[in-house]
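> Sequence first, then the predicted structure, then my questions.
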Amino acid sequence: MILTQRTVCPIHALILSLRAYQWPRQIKYEGLVSPPITPTRGIAAGSALASFELCALLLPAAEALYDASPTTIICLHMYDLGLTVR
C-alpha cells in the first residue's frame, strides 16, 4: 500500500511539500549572505503537512517495531516520540 494512503495525505499535496523543501535557501546575517544551500532530506520547519510527512517517514519503523514486539506501545507527538516495550 502507498504510504500516503495509509497516512491519509493527498499525494499531490505531499509531492508539492517535498518539492518545496528542495528549493535553495540562503542564510543572511548582518548583511552577509551565504551561497545557496539545497537540502536533500528532512521536514521543513513550519510545513503545513509536517505531521503527515513525519508519519510517512516513521510509519515503516513503527510497524517493524510492532512486528518484532507486539506488546510495544508507540506514542508519537510532533515533538516527542515515546516507546514502551513490555
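Looks like it came in fine. Since we're looking at a predicted model, the values are computed, not measured.

> does residue 74 sit in a helix or strand, and which one?
strand 73-77 (DSSP states H and E).

> ok, longest helix in the protein?
Longest helix in the chain by number of residues (criterion: DSSP state H): helix 50-68.

> Buried residues of it, list them for me.
Buried residues in helix 50-68, defined by neighbour count with 16 or more other CB atoms under 10 Å: 52, 53, 54, 55, 56. No exception for glycine: its C-beta is placed from N, CA and C like everyone else's.

> can you put those residues in JSON lines and add pLDDT and distance to residue 22?
Shown next, in JSON lines, are the buried residues of helix 50-68 (pLDDT from 0 to 100; distance: CB to CB, whole Å):
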{"residue": "52", "pLDDT": "73", "distance to residue 22": "17"}
{"residue": "53", "pLDDT": "75", "distance to residue 22": "13"}
{"residue": "54", "pLDDT": "76", "distance to residue 22": "18"}
{"residue": "55", "pLDDT": "74", "distance to residue 22": "20"}
{"residue": "56", "pLDDT": "73", "distance to residue 22": "16"}
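
> Return the closest of these with respect to residue 29.
Nearest to residue 29, judged by CB to CB, of those is residue 53 at 28.2 Å.

> Provide a list of residues in contact with the closest one.
Residue 53 sits next to 9, 14, 17, 18, 43, 47 when contact means CB atoms under 8 Å, 6 or more residues apart in numbering.
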